[in-house]
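Undergrad: Sequence below, structure please.
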Amino acid sequence: MRFIIHGAYSSFFDYAENYYHGFLAGLLKGAGHYLVLSNRESGEGRPDLLLKTPSVRGTAVILEIKTADTFSQMEKQCIHALEQIENRHYEAELLSEGYSDIKKYGICFYRKECLVKAGMKR
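TA: Residues are numbered from 1 along each chain as shown. Model (predicted):
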């Protein structure tokens with residue numbers, strides 16, 4: 001999935017990972033049923049964003065964000081993000097809470113381009 005970020009709120013020069021992290025966190029806060037958690041400890045690290053429904057019978061989502069120095073690096077960075085989710089066991093806290101439907105996404109930004117890759121679903 002590839003997206004382009006448009007609008008007056010995004011500048012060509014705003015391309016540090018923390019900018020995109022904040023952008024997504026703010027965007028997802030209005031996503032409705034999900035609680036959005038930023039940089040919370042889970043497993044052996046801190047996933048960028050965790051989204052979870054109030055009930056463990058619902059869905060939880062792990063988002064790991066990367067930036068690329070060139071357009072051609074975007075796919076590699078998405079794969080790196082997904083590997084980081086697995087290698088650092090970011091789903092551990094969600095599993096201990098009782099979530100069984102856990103989705104994982106590696107997201108990479110290059111300037112105003114965005115690439116999203118889905119990982120293995122638990």
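Undergrad: rest of the way, CA atoms for contacts and neighbours
TA: OK.
Undergrad: Now name the helix or strand holding the residue nearest the centre of the chain.
TA: In the chain, the C-alpha closest to the average C-alpha coordinate belongs to Leu63, at a distance of 1.9 Å (C-alpha atoms, centre = their mean). With secondary structure defined by DSSP states H and E, Leu63 is part of strand 59-67.
Undergrad: just checking, what packs against that strand?
TA: Strand 59-67 sits against helix 17-29, strand 49-52, helix 74-87, strand 101-110, with contacts defined as 3 or more C-alpha pairs under 8 Å, 6 or more residues apart in numbering; DSSP states H and E.
Undergrad: For that strand, list the C-alpha coordinates in PDB.
TA: Once side chains and other backbone atoms are set aside, the C-alpha atoms of strand 59-67 remain, and they are given as PDB (Å, rounded to 0.1, in the frame of the first residue of the first chain):
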ATOM      1  CA  THR A  59      -8.100  -6.300  17.800                       C
ATOM      2  CA  ALA A  60      -4.700  -4.900  18.700                       C
ATOM      3  CA  VAL A  61      -2.300  -3.300  16.200                       C
ATOM      4  CA  ILE A  62       1.400  -2.800  16.400                       C
ATOM      5  CA  LEU A  63       2.900   0.000  14.200                       C
ATOM      6  CA  GLU A  64       6.600   0.400  13.700                       C
ATOM      7  CA  ILE A  65       7.700   3.600  11.800                       C
ATOM      8  CA  LYS A  66      10.800   4.100   9.800                       C
ATOM      9  CA  THR A  67      12.100   6.800   7.400                       C
END
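Undergrad: Could you list the residues in contact with it?
TA: Counting by C-alpha atoms under 8 Å, 6 or more residues apart in numbering, strand 59-67 makes contact with 15-17, 20-21, 47-53, 74, 77-78, 81-82, 84-85, 90-91, 94, 99-110, all of which sit outside it.
Undergrad: Only the buried subset of these, as a ChimeraX command please.
TA: Selection of the buried residues among the contacts of strand 59-67 in ChimeraX, burial being defined by 16 or more other C-alpha atoms under 10 Å:
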select :15,17,20,21,47,48,49,50,51,52,53,74,77,78,81,82,84,85,90,91,94,99,100,101,102,103,104,105,106,107,108,109,110
